[in-house]
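A.B. asks: I would like the atomic coordinates for the input below:
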Amino acid sequence: MDEIIERAIALVQEEIRIYPKKILSESDFERMLAKHLENILLKNNSEFSVHTQISYYEESGNSNPKYRVDILLMKEEEMEECKKNHKGFIYGGQSYVFELKYLHEKDAVNIVRLDMEKSKLLTGNNGVLYVIVLLEKQDQNKEDDIKRMWKETRKELRKGEQDKLT
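C.D. replies: Presented below is the predicted three-dimensional model:
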């Protein structure tokens, strides 16, 4: 699955390089990545499907979602029926969660930390969280700050859970 995800991200990077004005919002960024993920998964006959803006519930079937994710890759046959929440399902199988940020030139990088913190909520689940940040303008200071936050957040995770945040 890592190869599929890396390939989709590379295709997004290439598309943005060729057509830099295709991304005007975070929603455009989400749509583009979801499109590439879905195309590659279909070509590879993968059991995983691509979903966007999905409420992520605990395995216990709590009626309140833990959080909403931008993109979720999951196997539909591993969904469990749940009458406690309005979606009617919970998901506890292997999953790949994507949080995307499109930072404009004036945006502070601290908003990325909130998405990285979601990796702590994946504890006990079989989920891997990808936090992908697109900067409107190249900014080495912002890049360094984001990398520092990523390292700090990974250190806060228990041993064996660091791989839940990519």
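A.B. asks: okay, buried residues for the helix or strand harbouring V112 please.
C.D. replies: Mapping V112 onto the secondary structure by DSSP states H and E places it in helix 110-121. Within helix 110-121, the residues that qualify as buried are 112-113, 115-119, 121, counting by 16 or more other C-beta atoms under 10 Å. From N, CA and C alone the C-beta is placed, and that goes for glycine too.
A.B. asks: turn the residues you listed into JSON lines, including pLDDT and distance to Y102.
C.D. replies: Conversion of the buried residues of helix 110-121 to JSON lines gives the following (pLDDT from 0 to 100; distance: C-beta to C-beta, whole Å):
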{"residue": "V112", "pLDDT": "89", "distance to Y102": "11"}
{"residue": "R113", "pLDDT": "85", "distance to Y102": "16"}
{"residue": "D115", "pLDDT": "83", "distance to Y102": "12"}
{"residue": "M116", "pLDDT": "84", "distance to Y102": "16"}
{"residue": "E117", "pLDDT": "80", "distance to Y102": "19"}
{"residue": "K118", "pLDDT": "74", "distance to Y102": "17"}
{"residue": "S119", "pLDDT": "71", "distance to Y102": "20"}
{"residue": "L121", "pLDDT": "68", "distance to Y102": "22"}
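A.B. asks: now for the chain, the helix or strand with the poorest mean pLDDT.
C.D. replies: strand 89-91 (a mean of 60; mean pLDDT, DSSP states H and E).
A.B. asks: spell out for me which residue occupies the centre of this structure.
C.D. replies: Against the mean C-alpha coordinate of the chain, by C-alpha atoms, centre = their mean, the closest residue is F98 at 0.6 Å.
A.B. asks: secondary structure class for it?
C.D. replies: Here F98 is recorded as strand under DSSP: H, G, I helix; E, B strand; the rest coil.
A.B. asks: so what's it bridging to?
C.D. replies: With DSSP bridges applied, F98 shows beta-bridge pairing to I71, Y130.
A.B. asks: pLDDT score for it?
C.D. replies: If you check F98, the pLDDT there is 90.
A.B. asks: OK, contacts around it?
C.D. replies: Applying C-beta atoms under 8 Å, 6 or more residues apart in numbering, one finds that F98 lies in contact with 33, 69-73, 129-132.
A.B. asks: and D115, by the same measure?
C.D. replies: Counting by C-beta under 8 Å, 6+ apart, D115 makes contact with 99, 101, 131.
A.B. asks: mind listing the helices for this protein?
C.D. replies: Secondary structure of the chain (DSSP state H): helices at 2-18, 26-43, 110-121, 140-156.
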